[in-house]
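Trainee: what would the 3D arrangement of this be:
(2 chains)
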Amino acid sequence: MMTPELSQVFWLYSIFAALLFITGLYCVLATFNLIRVLVGVEILIKAATLLIIVCGQLTGRQALAQAIVITLIVIEVVIMVAAGGVILCLYKHNHSIDTRKLKNLKG
Amino acid sequence: MAMEILLLLGLLAAALWTVMTTRLLRSVVGLALTSAVLSIIIFRLNSPVAAVFELSVCAGLIPVIFITTISFTQRIAKSQIQERRRERFIRFFLLPVIVVVAGLALLRWLKIPALMLPAAAGETDVRLLLWDVRHLDLLGQIVILLAGAFAVVILFKEPRK
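Mentor: Prediction:
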C-alpha cells in the first residue's frame, strides 16, 4: 500500500510532469518553425523521462527505470539527429523551415 | 520537500522560457538548462546513472546538434523581426496562463488513489540489469543507432554526376 508521504511525492511529480507535457505539446502545436517543433518534442520526452524515474522510485525498481531511461535517451538522440538532417535537407530545397511554406509534397 | 518543489518549479520555468523566447539559440540554451535541472532531479531520485546520461547527452550533445542545424540555416531579415516577435507573442502569451490554470486545477482536483504497489524487487545494479536482463533493449539501441547513421548518410548523400 502506498504511504501518505509516497502518495504526496508521486502526486507532486506527476502534476509537474503533466505541466511539462502541456508546455511541450503547446510548443509543437503552436509553432510553424521546424526546429521549434523539435524543441517541443524534446520537452515532451523530458516529461516522460521524469514520470518513468518517479514511477521507478515509487515501486522500488530504480534500476529498471534507469535502464528504460537510458534506452529512451539513445532513441531521443537518434531521432534528433535524423530530424535535424531532414530539416537541413528541407532547408536546402525550400530555403525555409517554416511549415507554411513547405508545399512541395502537396502534389 | 521544499528543495524538490524549488527544482520542479525551476524545471517548469526553464521549459517555459525555452518555448517562449523569441531567438532560436536562446531556446536551445533553455533546453540545455531544462535538461540540467532534470538531471539534478533524477539524481535526487536515486538514479545516478540515468542522471549522468541525461546531463551528458541531453544537456551536452543534443544542444550541439540543434546549434549545428541552426548554424546551417539563414537569419530572417531585420525588417521581419518585429513582425515575427508580435506574431509569436500573440501565439504564445496564452501558454503561461494555461500552465498556471492547469496546475491549479490539478492541485485542486487530482486525487491519487491508494495504489497497491508491488513488492520492491531485489534489483541489483543498473549495469547488471541492462547487460543480463534487458539485453534485447541493447540490441534495439544498436539497431536504432545504425538506422540513424544510415538515415544521415542517405540524407546528405551527394547526387552522382
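Trainee: model confidence score at residue B:117, please.
Mentor: On the pLDDT scale, residue B:117 is placed at 67.
Trainee: at the geometric centre of chain B, which residue sits there?
Mentor: residue B:35 (5.8 Å; C-alpha atoms, centre = their mean).
Trainee: could you say which helix or strand holds it?
Mentor: Assessed by DSSP states H and E, residue B:35 sits inside helix B:24-44.
Trainee: buried stuff in that helix?
Mentor: The neighbour-count check on helix B:24-44 (16 or more other C-beta atoms under 10 Å in any protein chain shown) flags B:24, B:27-43 as buried. (C-beta placed from N, C-alpha, C; glycine too.)
Trainee: check stretch A:88-103 too.
Mentor: So, applying 16+ other C-beta under 10 Å, buried residues of stretch A:88-103: A:88, A:90, A:91, A:96, A:97, A:102.
Trainee: now the phi/psi pair for the third one, please.
Mentor: Comment: the main-chain dihedrals of residue A:91 come out as phi -70, psi -40, following degrees, to the nearest 10.
Trainee: same check on the fourth one?
Mentor: For residue A:96, the backbone dihedrals are phi -160, psi 150 (criterion: degrees, to the nearest 10).
Trainee: just give the closest residue to it, not the sequence neighbours.
Mentor: Computed as C-beta to C-beta, 6 or more residues apart in numbering or on different chains, the closest residue to residue A:96 that is not its neighbour in sequence is residue A:102, at 7.3 Å.
Trainee: quick one: contacts for the one you found?
Mentor: Shown in contact with residue A:102 (C-beta atoms under 8 Å, 6 or more residues apart in numbering or on different chains): A:90, A:94, A:96.
Trainee: same question, residue B:18
Mentor: By C-beta under 8 Å, 6+ apart, the residues touching residue B:18 are A:27, A:39, A:43, B:27, B:30, B:31, B:33, B:34.
Trainee: cool, and residue B:156?
Mentor: By C-beta under 8 Å, 6+ apart, the contact list for residue B:156 reads A:85, A:88, A:89.
Trainee: how far away is the second one from chain B?
Mentor: When you say that, I think you mean residue A:88. Counting by C-beta to the nearest C-beta, to the nearest Å, the gap from residue A:88 to chain B is 5 Å.
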